[in-house]
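Chemist: Sequence first, predicted coordinates after that:
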Amino acid sequence: KAAGRGVVCAFDPAMERDVLGAQRLSRDLALAIESDELAMHYQPLVCADGLPINGVEALLRWHHPVRGWISPLDVIEVAEKSDLIHKLGDWVFRRAFTDSRQWPDLVTAVNLSPVQFRSPTFLDRLARIVAETGADPAMFELEVTETVLITDLGEAARKLARLKEIGFRVSLDDFGSGHAGFGYLNQMPFDKLKIDRSFIENLRVKAGAEGVIHSIVGLAQALGLSITAEGVESTEQHLFLKQAGCMQMQGFLFHRPMPADALAALRNSLRLLQESA
Ligand code: C2E
Ligand code: MG
Ligand code: MG
Ligand code: MG
């Protein structure tokens with residue numbers, strides 16, 4: 001059908017490979033959740049002034065024994081299609097809650113998939129993991145994307161409000177990349193907007209990119225939201241964003257995602273440096 005009306009297509013063997021490949025991948029993912037193949041890495045976020053680390057984002061990593069590293073976006077897509085997303089989401093929370101004991105002074109951001117967030121069992125599952133791990137919700141920020149707001153705004157607002165009651169912070173990830181517009185923003189209890197990396201990439205590349213960032217920062221300020229820029233790769237971007245009033249940043253210019261023990265070691269050496277200065 002995709003080829004258009006009246007066009008007859010021969011069966012494409014690549015399509016079969018795709019379906020089989022996806023089935024195999026979801027079976028492998030089910031096993032990976034039970035074994036040690038999955039990992040969480042943590043990317044430090046920094047304050048625009050002086051660049052001290054003032055937060056981290058937890059990012060899923062899967063090293064497949066045959067296919068090698070698989071992008072978390074692909075992992076999440078496979079998981080959402082095969083119903084593994086709930087198990088995977090639980091695994092992510094459990095691991096992030098446990099690992100973050102190594103940096104109790106930093107807020108750890110955890111990403112939620114739209115399918116995971118919409119599930120009627122989501123809040124109960126999360127509450128159970130909080131109880132099991134003894135995590136303090138105030139030290140975690142749950143990131144959702146505009147996708148969760150598109151289908152049922154009222155339901156999304158209620159769920160976000162529940163998360164806030166439990167004590168979590170909630171942020172809107174990849175802001176501006178979706179199709180949700182921004183009229184909904186003042187009905188949502190967000191604490192933070194994360195400016196999508198594409199806007200930062202456009203700086204000095206696309207006419208008007210500076211103005212767009214000024215507008216997003218202005219919008220966040222008007223609504224009393226804090227703001228983070230993601231994907232900062234150059235000092236030029238850093239300086240522009242800082243002058244624009246964006247106080248928290250995340251990007252390869254500062255730190256790449258790393259395993260939990262590497263983050264703990266990094267913080268120890270930064271502390272030593274500071275003490276000896
Ligand atoms: P995200 O939540 O927007 O996470 C930020 C992504 O930007 C990460 O990609 C990070 O490695 C990358 N990044 C950070 N700084 C830079 C930079 O300076 N330049 C470039 N080019 N990239 C930068 P990653 O780890 O590949 O994750 C991709 C996406 O997968 C995430 O985007 C998030 O949507 C999703 N994801 C990752 N982990 C999880 C998870 O545990 N659960 C769910 N549901 N989604 C996850
Ligand atoms: Mg995120
Ligand atoms: Mg993001
Ligand atoms: Mg992003």
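Modeler: The structure has been received and is ready for your questions. Ligands and ions are numbered 1, 2, ... in the order given.
Chemist: Tell me the secondary structure at residue 110.
Modeler: strand (DSSP: H, G, I helix; E, B strand; the rest coil).
Chemist: Would you agree it is in contact with residue 142?
Modeler: Yes. Taking C-beta atoms under 8 Å as the definition, residue 110 is a contact partner of residue 142 at 5.8 Å. Using the backbone N, CA and C atoms, a C-beta is placed for each residue, glycine as well.
Chemist: so where does residue 92 fall, helix or strand?
Modeler: helix 85-99 (DSSP states H and E).
Chemist: Give the buried residues for that helix.
Modeler: Buried residues in helix 85-99, counted by 16 or more other C-beta atoms under 10 Å: 85-86, 88-93, 95-99.
Chemist: got the residues of the stretch 1-150 of the chain near ligand 1?
Modeler: Within reach of ligand 1 by C-beta under 6 Å from any ligand atom, the stretch 1-150 of the chain has these residues: 43, 59-60, 71-73, 76, 92, 111-113, 143.
Chemist: give me that answer again for 5 Å
Modeler: Contact residues, the stretch 1-150 of the chain versus ligand 1 (C-beta under 5 Å from any ligand atom): 59-60, 72-73, 76, 92, 111, 113.
Chemist: Report the two of the residues you listed separated the most.
Modeler: Distance extremes for those: the farthest pair is 73 and 92 at 14.1 Å, using C-beta to C-beta.
Chemist: ok, which residues in the stretch 151-277 of the chain are in contact with ligand 1?
Modeler: Residues of the stretch 151-277 of the chain lying near ligand 1 (C-beta under 5 Å from any ligand atom): 231, 233, 251-252, 257.
Chemist: Show the buried residues in the residues you listed.
Modeler: Here, 16+ other C-beta under 10 Å leaves 231, 251, 257 buried among these.
Chemist: residue contacts, the first one?
Modeler: I take that to be residue 231. With contacts defined as C-beta atoms under 8 Å, 6 or more residues apart in numbering, residue 231 is in contact with 196-197, 200-201, 250-252.
Chemist: Select only the buried ones of these in ChimeraX?
Modeler: To isolate the buried members of these in ChimeraX, using 16+ other C-beta under 10 Å:
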select :196,197,200,250,251
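Chemist: okay if I get the contacts of residue 231 as a markdown table plus secondary structure and pLDDT?
Modeler: Formatted as a markdown table, the contacts of residue 231 follow (DSSP: H, G, I helix; E, B strand; the rest coil; pLDDT from 0 to 100):
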| residue | secondary structure | pLDDT |
| --- | --- | --- |
| 196 | coil | 95 |
| 197 | helix | 96 |
| 200 | helix | 96 |
| 201 | helix | 95 |
| 250 | strand | 98 |
| 251 | coil | 98 |
| 252 | coil | 98 |
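Chemist: From the contacts of residue 231, pick the one nearest residue 155.
Modeler: When the contacts of residue 231 are compared against residue 155 (criterion: C-beta to C-beta), the nearest one is residue 196, at 24.0 Å.
Chemist: wait, doesn't that closest one sit right on residue 230?
Modeler: Yes. With contact defined as C-beta under 8 Å, residue 196 and residue 230 form a contacting pair (7.1 Å).
Chemist: Let me see the contact set for the nearest residue in space to residue 213 that is not next to it in sequence.
Modeler: Distance criterion C-beta to C-beta, 6 or more residues apart in numbering; nearest residue to residue 213, sequence neighbours excluded, is residue 244 at 5.4 Å. Shown in contact with residue 244 (C-beta under 8 Å, 6+ apart): 210, 213-214, 217.
Chemist: Most neighbours of all the residues you listed, which one?
Modeler: residue 213 (24 neighbours; other C-beta atoms under 10 Å).
Chemist: Please report phi then psi for it.
Modeler: Dihedral pair for residue 213: phi -70, psi -40, per degrees, to the nearest 10.
Chemist: And for residue 53?
Modeler: Dihedral pair for residue 53: phi -70, psi 120, per degrees, to the nearest 10.
Chemist: residues touching the residue lying closest to residue 151 once chain neighbours are set aside, list them.
Modeler: For residue 151, ignoring the flanking residues on the chain, the nearest one in space by C-beta to C-beta, 6+ apart is residue 118 at 7.4 Å. Residue 118 is in contact with 148, 151, 155, counting by C-beta under 8 Å, 6+ apart.
Chemist: try 10 Å this time
Modeler: 112, 147-148, 151-152, 155-156, 159 (C-beta atoms under 10 Å, 6 or more residues apart in numbering).
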